[in-house]
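task: produce atomic coordinates for the following.
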Amino acid sequence: RLRDLLALQQQLPMPAYAAQIVHVAADPFTHKVVIDKGSTQGLVAGAPVIDGHGLLGQVVRVFPFASEVNLLDDPKQAVPVLNNRTGERSLVYGDSQNPRGAELEVRFLASTADVAVGDTFVTSGVGGIYPAGLPVGTVSKVEKRSNTAFLRVELAPAAQLMSVSHVLVLEPIAQPFIEGMPNPDTEAHSPARTQTPASR
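Sure thing, here's the model as predicted:
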């Protein structure tokens, strides 16, 4: 797996740093891991993290020789995505109805949306954090509900969230605004944050 990651590192169009997971949060409701690279190696908060299969999460805290990574299945973690088959854009979160995690949920898809089991979702590139085209997951269930105008779409993650030991940390397209927890949804839809005094 490490050899595969190193080969992938050479193919990526942006800088990437190989890292090892050294700690997994013991709390089942905390979807975080710690990796053995930090600011000394050039890592920054907001950086996307991938394994050999797809998007794993995002760096949320950086220390000199370690970093904390929020996993993709955290219900508070939002990732702008698109359906590879139809091109329709949406947002993926950790499945809030599955407290153990390891499942994803595509939100804000209208009940008339064209989505089917087997569709693959990838990062859309919206928000300036995740590069476009990273595999996120495959639709495992589509449910129409009478009490809402949106579909419930469950996604099996492409990355091996809890069984991977080595990862790649990508350089983010742009430095995100981080206040407690990164929010790509806010980044993508809030004009006030697209141009800040610090970024001018």
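
show me the contacts for residue 159.
50, 51, 53, 54, 55, 56, 72, 135 (CB atoms under 8 Å, 6 or more residues apart in numbering). To be clear about C-beta, it is placed using only N, CA and C from the backbone, and glycine gets the same treatment.

of those, closest to residue 151?
Ranked by distance to residue 151 (CB to CB), those are led by residue 72 at 20.0 Å.

how about low-confidence regions in this protein?
For the chain, applying pLDDT under 70 flags the ranges 1-13, 28-29, 96-102, 174-200.

strands along that one, start to end?
Counting by DSSP state E, the segments of the chain that form strands are 16-24, 32-35, 48-50, 55-62, 67-71, 79-83, 89-94, 104-107, 120-123, 135-143, 152-157, 166-170.

ok now the first one, how far from the chain's centre?
It stands for strand 16-24. Offset of strand 16-24 from its chain centre (CA atoms, centre = their mean, to the nearest Å): 16 Å.

so residue 46 makes contact with residue 128?
No - contact criterion CB atoms under 8 Å: residue 46 and residue 128 do not qualify, at 9.6 Å.

which of these two has more neighbours?
Set residue 46 next to residue 128 and count neighbours by other CB atoms under 10 Å: residue 46 wins out with 23 against 17.

separation between that one and residue 169?
Separation of residue 46 from residue 169 (CB to CB, to the nearest Å): 11 Å.

quick check: neighbours shared by those two?
Common neighbours of residue 46 and residue 169, using CB under 8 Å, 6+ apart, are residue 59.

give me the number of residues near residue 163?
By other CB under 10 Å, the residues close to residue 163 number 8.
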